[in-house]
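Visitor: Got a predicted structure plus its sequence, pasted below:
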Amino acid sequence: MGSPAGAVAFLETLVVQWNEDSGDGQLFDTTALQGLKDITAEHGRVTCRLPVRTRVQNRYGTLHGGCIATLVDTVGTAALLTLNGRSGVSLAINVDYLRGMPGGSDVVVDAKVVKVGKTIATINVELRDQDSGKLCAQGTHVKFMSEDEPDIGEQLGNIKEQPRSKL
C-alpha cells in the first residue's frame, strides 16, 4: 500500500545515494536530483523544488532536457507511490519543453496521479519557474505495475544507506 511518507522516502533515497568523497552519484537519478528540496507529498500528489545549478544545465545555461525527463520520471513515480506501493516500470514518458529554465533559478515540480488501474497508471507532471510561475515543461508518465511486483518499501530496504541529506 502506498503512502505520502513512502513517496518522500523514495525521493530522499535517490538523492542521498551521492558519494561525498568523489562528488559522483551512484545512480543516474542521483546526479540529476542532487539538491532536490521542499519535498511534500499528499494523496496522489508530490511537489518539490530543484535549483538549476551548473550540474543540471545544458551548454546554453538552462535546465537540461534529460534532467527534466528524469524529474517527470522520478517525481511522477513518487506521486504514484502515495497511492500504491508498486513503483512499476515506464511504458511511456512524454515531455513537452515549453521554455528554457535559466541557471540560477529554481524549478518547481508538481506531479499528480491522473488514474491508477489494476496494472496501468498515468501521472501528469508540470515544471514551473518558481519566481514567475511560468510553465517551462509538462510531462505525462504511463507506468505498468505487475501484480507480482514487491512493495517499494522492501526495495528501499535493499539500498545501501548513505548519510541523510538536508532536503
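Guide: Nice, thanks for sending it over.
Visitor: For Asp29, which residues are in contact?
Guide: Asp29 makes contact with Leu14, Gln17, Thr70, Asp73, Thr74 under the criterion C-beta atoms under 8 Å, 6 or more residues apart in numbering. The C-beta positions use only the backbone N, C-alpha and C, and glycine is treated the same way.
Visitor: quick one: which of those is nearest Val46?
Guide: Taking C-beta to C-beta as the measure, Val46 lies nearest Thr74 of those, at 9.6 Å.
Visitor: pretty sure the closest one belongs to a helix, no?
Guide: Yes - looking at Thr74 with DSSP: H, G, I helix; E, B strand; the rest coil, it is inside a helix.
Visitor: and the closest residue to Val72 other than its chain neighbours, what element?
Guide: In space, and not counting its chain neighbours, Val72 is closest to Gly139: 3.4 Å by C-beta to C-beta, 6 or more residues apart in numbering. Per DSSP states H and E, Gly139 falls inside strand 135-144.
Visitor: And the pLDDT at the most centrally placed residue in the chain?
Guide: The centroid of the chain falls nearest to Val75 when counting by C-alpha atoms, centre = their mean (2.5 Å). Val75 is assigned 96 on the pLDDT scale.
Visitor: contacting residues for it?
Guide: Taking C-beta under 8 Å, 6+ apart as the contact definition, Val75 lies against Leu11, Val46, Cys48, Val109, Ala111, Val125.
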